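Enquirer: below are the sequence and a predicted model; questions follow.
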Amino acid sequence: MEQIANLLQNTLTPTDSIRKQAEAELTTLRESPEKRQQLNACLLEILRLASMPAGIRQAAAIFLQNSIAAQWNVESEFPLTDNEKDVLRSSILETVFLTDRKVRSALTWSITKIAECDFPKNWPGALSIIKAKLELRDAQVNQIAFAVIIALLCKYDSHTGLTHEIVPELIKVNQELAGAALVALEQATASSDFTTAELGTNVFYHLCKLDFSDEIEQTLPRWMKAFHTFLQYPENKSTRTLKAAAIDAVNLFLCKYSEDFEKYKDHFIPIIWKLLCDDHEESDDRIKISGLEFLSTVAKSSFWETLASEETLRHIFEQVVIRNIFARPYEIDRITEDAVQFIRTDIEGSNAETRRRAACNLASAMSSGKLEKLGRPVVTAVIQSLLSVAYGDISKHWLEMDAALCLIFSLSVKREQTSLNNAFVSDALCNLEEVYQRFVAPELSTQATDHIVLKADALKFVCHFRCNFPTDMLVDLLCLSGNWIFHENRVVAIYAAHCVDQIFSMSHLPFREIFPANKAVGLASNILTALEAHSPADSDRIAKSLSRISQVFRGNLMEMNSRVVALVEKQLKSALQNEVDTAYMHYLHESLGYILTKQNVMEIQAQLFDVLIAVLHQNVESLVPYVLQILAQCIRVSEGSYERPLLLTTAVLDAQFYSNRQYVPSVVLFTSTVFRHYRAEYTDEYIPLALALFDQLAFVKPLDHEGFALLGGLVDSWSFDVIRSNLGRILQTICRRLSAAKTNKFVKNLVIWMSRCVLVLQSHTQEGVNVFLQQVEQIQTGLLEMLLRNVWLPSLEWFVHKEDRELVITAMIGLLLGSESLVANRALWTECLVALCRLIQKNSNTPPKESQTESAGKELQTLKSHTLSSCQFLRAVCVRDEPSGVFLHQFKSFAASRNEAVIEAIKGLPPAVRDFIGLGA
């Protein structure tokens, strides 16, 4: 045990080498079947020893927690044996009652992980142990027992519905523990043991979250009496979290069992309402939030009539909602002292646990649903009253203006829209034009910054209601917002940049026509000034606005190019020494990708090439994908006349380099671009390396789609002879992967690639289809039929995007009607043709424009994957004509054949297919 204790002590040392050595030794012991059981026994003994230093005990608890997480599942690399699990299960429950709070936290997490796999089937003794502990009637033991019960019940949190397997488990938990837990809660209530009472309340919350058995229903009056008692305790530091927990428990009970709540509503609604109306110091936020959420639930429940009078609603708005929406001093200070946190809670959706958010939710609940007819006029009147006061003297009544705008922003959101980047539309809550003329325009036009919050509100108003402004006003707003981008207050600067970004994201507007070029240059200059003056740490939104304006105006910002390039160079050099903000660098590289043109690529790369190579040489993981994409963009815009990146191809296609999976998408992009834009005499030597990359990717499930993206780029670029000479090897790799594992994603990408391959071969020669069919059959007799029956045909329903579907349709037309080879297998040919006709019919019924994913989601996805929209690989267009027309034309030519097999195959088509084609009976 002494050796293990010393190793745990060494894991706490700041000396890197000693810490890593200790961690490695402990990991080796954990992975050794011979030594693991002794290690776990030592860890448990260390946890039980009160004389052991607290740091070592905490380290032991965390190491044991990590071991259980890594090894409990039978599919893990070094799974625990059943005997080892039995020892840990029986020991950990006893140990948790002997430890201090910090150690207990790690152990209860471990209990949850064990319960997920083993409770209750393989851990039947757990309930009896906990019940026995509760029956000791010891306050300290009760606290721990409640914490353990919650840890066990957390197993069920991920279940959205109660299955037949889960219900008996819950009934058993309730029967074993509910009564004992209630007695312990009543004991804590009688002795004013607030900590134990809060934990007991949380136990009820978890039981309620899952379901009730008869055991709980029979004792409901006693639970509710305890919660009502808690809410009557005097307001002080000790009772606040207990009161909030009690309100949360009652609120959840109301949500799930509104009929059962009927007998308790007259007890809880008045007392919680009173708590909300009482004035307390700022530290009781949690009570206010819980109370506001409870009233929101009442407003949306079958008890909405409790609030259904104009006087009641007005009173709640004036005494509860508005009071909690008004900004408090610490929130106001945050705009200057902690800009990052202010932005998170104000526009990024991290305000779930704030009074403002809860008050806005209550306002929404009271002005919608059954209460809409009564509540909507009341909230509109409240907003108008606040605005009227503010208009009298905004500098004096700025809090009223801020509160009114907070309500307007919250209540004008279309509830089906979830993205913060959506534009919102007002619904008669206020006169938008009046707010703009009397507040927004003057606030953004004046340099006075007495109340920074108002400046932020004005910019938020522009961003939220941008779709409501006429085009000429948007032009003015872009200029007004742009003037604040380099303001010294970071919130104002970032909100201004966000406005610019969101207005320019309105893709239906022709900004290159309606926004003068000189103003675009001035706006870009302001953005660059802000980026040059501040560190990347909190400038990602400003960098994003540069990316957006670069995307819109591209070549019209030529005079800004040198500043963009200088900024990129500066930040890349800094990144070679220090870590930088990933989002900031993403948008900076995005901007660079947009401004690259054939005219400036040589000049820009002359300045950047050395630092780009330095990033690759030092293997800066966060930047390598961006560097490869920028180099690929240079190749593309120069149309292969820029030769320096070609020299990097061997290094990029080195297996050790792309073994880092984060690099793979950019390696594929770079390689595809090299083959597309350089002449064959320069790229032929890289073909074996490119195919070796595909061989690797084909067997890596998360990246196999990248392998097909690579093949698509290669096939588009290769000559007919190169395709024919390498197609066999590619198909062999694909067959090996199909034999090893076949996922829907792999099959879908395989069919798309085969379709592209067929069409590219057809574009080279009329015999392209026959070449493809021959290559497939040379691999293995019957392979073609297997691919069509088991891969191609079953996947046809998966192609939901019109572009993919039309590619597959056109390729199938070529396979079935461009060659007579398949007709020899009449049954297969008929089956394929029937499927093709169905797909053509489905495609004809699909609207030309399909719904697109929200841009906000796309931006998050590209940020996560380091993918630059400005550097996307442009694939060759394989489908130029409407597929149904191509099909009918091809079929007419095919039917003119004098081949007896073709004639018989057509005669044997089902009547529905013949009618679809127009052949008649």
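Expert: All right, it came through fine.

Enquirer: what is the neighbour count of the nearest residue to Glu318 once chain neighbours are set aside?
Expert: Closest residue to Glu318 apart from its sequence neighbours, by C-beta to C-beta, 6 or more residues apart in numbering: Val382 at 7.1 Å. The way it works is simple: take the backbone N, C-alpha and C, and place the C-beta from them, glycine included. Here the count is done by other C-beta atoms under 10 Å, and Val382 has 22 residues near it.

Enquirer: and what of His508?
Expert: Here the number of neighbours of His508 (other C-beta under 10 Å) works out to 5.

Enquirer: next one: Ile325
Expert: Counted with other C-beta under 10 Å, Ile325 comes out at 25.

Enquirer: residues of stretch 111-121 that come out buried?
Expert: Residues 111-116, 118-120 are the ones in stretch 111-121 that count as buried (16 or more other C-beta atoms under 10 Å).

Enquirer: pLDDT below threshold where in the stretch 51-200 of the chain?
Expert: Along the stretch 51-200 of the chain, the parts satisfying pLDDT under 70 run over 157-172, 174-175.

Enquirer: can you show me the strands along it?
Expert: Counting by DSSP state E, counting those that start in this stretch, the stretch 51-200 of the chain has no strands to list.

Enquirer: same check, this time on the stretch 501-650 of the chain
Expert: Taking DSSP E, counting those that start in this stretch as the criterion, the stretch 501-650 of the chain carries no strands.

Enquirer: where does it have low pLDDT?
Expert: Scanning the stretch 501-650 of the chain for pLDDT under 70 picks out no residues.

Enquirer: and the helices in it, which stretches?
Expert: In the stretch 501-650 of the chain, the helices defined using DSSP state H, counting those that start in this stretch lie at 511-514, 517-533, 540-553, 561-575, 582-595, 601-618, 624-637, 649-652.

Enquirer: what does the fourth one contact?
Expert: Helix 561-575 is touched from outside by 525, 528, 531-532, 536, 546, 550, 580, 584-585, 588-589, 591-592, 595, 600, 604, 607-608, 611-612, 614-615, 620, 622-623, with contacts defined as C-beta atoms under 8 Å, 6 or more residues apart in numbering.

Enquirer: mind checking which of the residues you listed are buried?
Expert: Listed as buried from these are 525, 528, 531, 536, 546, 550, 580, 584-585, 588-589, 591-592, 595, 600, 604, 608, 611-612, 615, 620, 622-623; burial here means 16+ other C-beta under 10 Å.

Enquirer: if we can go back for a sec, farthest-separated two in the buried residues of stretch 111-121?
Expert: Lys113 and Pro120 (15.1 Å; C-beta to C-beta).

Enquirer: chain neighbours aside, what residue packs nearest to Lys745?
Expert: Computed as C-beta to C-beta, 6+ apart, the closest residue to Lys745 that is not its neighbour in sequence is His705, at 6.3 Å.

Enquirer: how many residues are close by that neighbour?
Expert: His705 is flanked by 19 other residues according to other C-beta under 10 Å.

Enquirer: that one contacts Ile752, correct?
Expert: No: taking contacts as C-beta atoms under 8 Å, His705 lies outside contact range of Ile752: 9.5 Å.

Enquirer: returning to that earlier point: reformat the helices of the stretch 501-650 of the chain as CSV; add distance to Leu252.
Expert: Putting those into CSV (distance: least, C-beta to C-beta, whole Å) gives the following:
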stretch, distance to Leu252
helix 511-514, 49
helix 517-533, 46
helix 540-553, 37
helix 561-575, 48
helix 582-595, 37
helix 601-618, 52
helix 624-637, 45
helix 649-652, 55
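
Enquirer: for Glu2, which of those is the nearest?
Expert: Glu2 lies closest to helix 601-618 among the helices of the stretch 501-650 of the chain, at 43.2 Å (C-beta to C-beta).

Enquirer: now the closest one, how far from the chain's geometric center?
Expert: With C-alpha atoms, centre = their mean, to the nearest Å as the basis, helix 601-618 stands 33 Å off its chain's centre.

Enquirer: list the helices and strands that helix packs on?
Expert: For helix 601-618, the elements it packs on are helix 561-575, helix 624-637, judged by 3 or more C-beta pairs under 8 Å, 6 or more residues apart in numbering; DSSP states H and E.

Enquirer: please identify the most buried of the ones you listed.
Expert: Of the helices and strands packed on helix 601-618, the one with the most neighbours on average (mean count of other C-beta atoms under 10 Å) is helix 624-637, at a mean of 24.

Enquirer: grab the nearest non-local neighbour of Pro665.
Expert: Computed as C-beta to C-beta, 6+ apart, the closest residue to Pro665 that is not its neighbour in sequence is Glu706, at 5.8 Å.

Enquirer: the one you found reaches Gln662, doesn't it?
Expert: No: if you go by C-beta under 8 Å, Glu706 and Gln662 don't touch, sitting 11.7 Å apart.

Enquirer: more neighbours: these two, which one.
Expert: Using other C-beta under 10 Å, the more surrounded residue of Glu706 and Gln662 is Glu706, with 23 against 13.

Enquirer: which sections of the stretch 801-921 of the chain are below the confidence cut-off?
Expert: In the stretch 801-921 of the chain, residues with pLDDT under 70: 847-861, 920-921.

Enquirer: residue boundaries of the helices in it?
Expert: Assigned by DSSP H, counting those that start in this stretch, the helices in the stretch 801-921 of the chain fall at 802-817, 826-844, 855-865, 883-895, 900-907, 911-917.

Enquirer: over to the stretch 201-350 of the chain?
Expert: 214-218, 220-231, 240-256, 258-261, 265-277, 285-300, 310-316, 322-325, 329-337, 339-346.
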